[in-house]
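In: Predicted model and sequence below, questions to follow.
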Amino acid sequence: TYLFAFCAALNSCNLGYDIGVNTDAGRMIQGSMDLSDERLEAFMGGLNLFATLGALFSNVVCDRFGRRASFAFASALFVLGVVI
C-alpha cells in the first residue's frame, strides 16, 4: 500500500508539472502558430477541463476495472505524457 500512496502523490506532482509546462508551452505555441488569445485560452483550459472530466468518470472506471488497475493505468498515462 505504500507504493500506491507514493504513486498517488506522484500523480499530483505530475499534474502540477504538466500545468507548469503548459504555461510556458502556451506562450511558445501562441507565438509560433500565431494563435489568438481566445484560442490560447482554449488550449490552456483544456488540461483543467479534461482533469475535471476524468475525476467525474473515475468512479465508473474504478467500479469496472478496480482501483488498482485504474490507478496503474492512470499513472502509466501520466508518465507517458511526461516522456513525450
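Out: Great, that's in hand. Numbers count the residues shown, from 1 in each chain.
In: What number of residues are in the vicinity of residue 50?
Out: Around residue 50 there are 10 other residues, counting by other CB atoms under 10 Å. No exception for glycine: its C-beta is placed from N, CA and C like everyone else's.
In: which parts of the helix or strand hosting residue 48 are buried?
Out: Per DSSP states H and E: residue 48 is located in helix 37-65. By neighbour count on 16 or more other CB atoms under 10 Å, the buried set for helix 37-65 is 43, 44, 61.
In: Tell me the one of these nearest residue 75?
Out: residue 61 (13.4 Å; CB to CB).
In: which non-adjacent residue is nearest that closest one?
Out: residue 70 (4.9 Å; CB to CB, 6 or more residues apart in numbering).
In: Provide the secondary structure category for that neighbour.
Out: Of the three states, residue 70 takes helix according to DSSP: H, G, I helix; E, B strand; the rest coil.
In: Number of residues surrounding it?
Out: 17.
In: show me the contacts for it.
Out: 58, 61, 62 (CB atoms under 8 Å, 6 or more residues apart in numbering).
In: Check which residues of the longest helix anywhere in the chain are buried.
Out: Ordering each helix of the chain by length in residues (DSSP state H) puts helix 2-33 first. Applying a neighbour-count criterion of 16+ other CB under 10 Å, the buried positions in helix 2-33 are 7, 11, 14, 18, 22, 29, 30.
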